[in-house]
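Trainee: coordinates only, sequence not included:
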């Protein structure tokens, strides 16, 4: 395998090109590693009172609506987001997934899933008491997404 870096002064955005004879497991692994590295750097601004915070998306456990406002939950804190849930759903990386009418969660941060009804569940996150609820409609798509990650 060859790795080549080309520097061009007139580029406005970095571009990564992978050339391969086929889309094999090794190429997919490289693509996934690059995507994860880029995702870790993504940040978004959130508010708590009059203070604006810049958090990495990887820190966010889930987004939830309450009383018409959208909140971002981390292990220890809750911040207000200035976006609607549908706007977040379109803008967030693929590892975020809508799991109910009022919740989008970070599938990378799931620690445990407890079934509560025949096909709905509660999601737990490591190192915190916070939980998110998954509606029956989204239970199977969530299970499928988690199986993809394995």
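Mentor: Arrived safely. Remember, predicted model here, so these are calculated numbers, not experimental data.
Trainee: following the worst-scoring helix or strand of the chain on mean pLDDT, which helix or strand comes up?
Mentor: When each helix and strand of the chain is scored by mean pLDDT, DSSP states H and E, helix 25-41 comes last, with a mean of 78. On the C-terminal side of helix 25-41, the nearest following helix or strand under DSSP states H and E is strand 43-48.
Trainee: how about the helices in the chain?
Mentor: Secondary structure of the chain by DSSP state H: the helices cover 25-41, 85-91, 136-149.
Trainee: rewinding a little: by how many degrees do the least confident helix or strand of the chain and helix 136-149 diverge?
Mentor: Orientation of helix 25-41 against helix 136-149 (axes from the mean of the first three to the mean of the last three Cα atoms, to 10 degrees) gives an angle of 120 degrees.
Trainee: what sits up against helix 25-41?
Mentor: Here helix 25-41 makes contact (Cβ atoms under 8 Å, 6 or more residues apart in numbering) with 16, 18, 20, 56, 57, 58, 93, 95. Heads up, the C-betas are built off the backbone N, CA and C, glycines and all.
Trainee: per-residue pLDDT, the most centrally placed residue in the chain?
Mentor: By Cα atoms, centre = their mean, the chain has its centre lying nearest to residue 96, at 3.1 Å. Looking at residue 96, its pLDDT stands at 93.
Trainee: do residue 119 as well
Mentor: Reading off the model, residue 119 has pLDDT 66.
Trainee: and what of residue 12?
Mentor: For residue 12, the pLDDT comes out at 77.
Trainee: Same question for the one 5 residues further on.
Mentor: Residue 17 carries a pLDDT value of 85.
Trainee: quick one: contacts for the nearest residue to residue 83 once chain neighbours are set aside?
Mentor: On the basis of Cβ to Cβ, 6 or more residues apart in numbering, the spatially nearest residue to residue 83 that is not a chain neighbour turns out to be residue 70, at 6.3 Å. Contacts for residue 70 (Cβ under 8 Å, 6+ apart) come out as 63, 64, 80, 81, 83, 84, 85, 88.
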